[in-house]
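Student: Quick one, structure for this:
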Amino acid sequence: MLNFGRTALDVGPSFFMLVPLLLTLAFYGFIVYVLVSLLRFMKQKTESDRERNAKLGELIRLMRETTAGSLPDNKEENR
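Tutor: Predicted structure coming up:
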């Protein structure tokens, strides 16, 4: 009547059948995490690239204004 061996074996195979399912779910969860992290990074990178491009445009404009005012006119020297 007290057959402990059979009860222990019944729990064992059902646990081992859950392990591949849990590993598969963990793998898909990791993939989703990586994709969400990648999308967040790309959004942040796009915003910082836009800011950098705006600053570079402003810097180029300021450098052109500065160098245009400080250089002598070459037109008069060519005459």
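
Student: where do the helices sit along the protein?
Tutor: Along the chain, the segments classed as helices by DSSP state H run 4-70, 74-77.

Student: Low-confidence ranges, this structure, go.
Tutor: Along the chain, the parts satisfying pLDDT under 70 run over 1-13, 71-79.

Student: ok, Phe41 - how many residues close by?
Tutor: Applying other C-beta atoms under 10 Å, we find 10 residues neighbouring Phe41. Bear in mind the C-beta positions are built from the backbone N, C-alpha and C, glycine included.

Student: Use 633 as the first number for this chain going forward.
Tutor: With 633 as the first residue, the last one maps to Phe673.

Student: among the helices of the chain, which is the most enclosed?
Tutor: The highest mean neighbour count among these, using mean count of other C-beta atoms under 10 Å, belongs to helix 636-702: a mean of 10.

Student: Give me the distance from that one to the chain's centre.
Tutor: 4 Å (C-alpha atoms, centre = their mean, to the nearest Å).

Student: Over to stretch 696-704?
Tutor: Distance of stretch 696-704 from its chain centroid, counting by C-alpha atoms, centre = their mean, is 42 Å.

Student: got a list of contacts for it?
Tutor: Taking contacts as C-beta atoms under 8 Å, 6 or more residues apart in numbering, no residue outside stretch 696-704 touches it.

Student: Let's see that stretch as PDB, backbone CA atoms only.
Tutor: Output in PDB follows, covering the C-alpha atoms of stretch 696-704 (Å, rounded to 0.1, in the frame of the first residue of the first chain):
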ATOM      1  CA  ARG A 696      32.100  80.900 -41.600                       C
ATOM      2  CA  GLU A 697      31.100  84.200 -40.000                       C
ATOM      3  CA  THR A 698      34.300  84.500 -38.000                       C
ATOM      4  CA  THR A 699      36.600  83.600 -40.800                       C
ATOM      5  CA  ALA A 700      34.800  85.800 -43.400                       C
ATOM      6  CA  GLY A 701      35.200  88.800 -41.200                       C
ATOM      7  CA  SER A 702      38.800  88.200 -40.300                       C
ATOM      8  CA  LEU A 703      40.200  87.400 -43.800                       C
ATOM      9  CA  PRO A 704      41.300  90.300 -46.000                       C
END
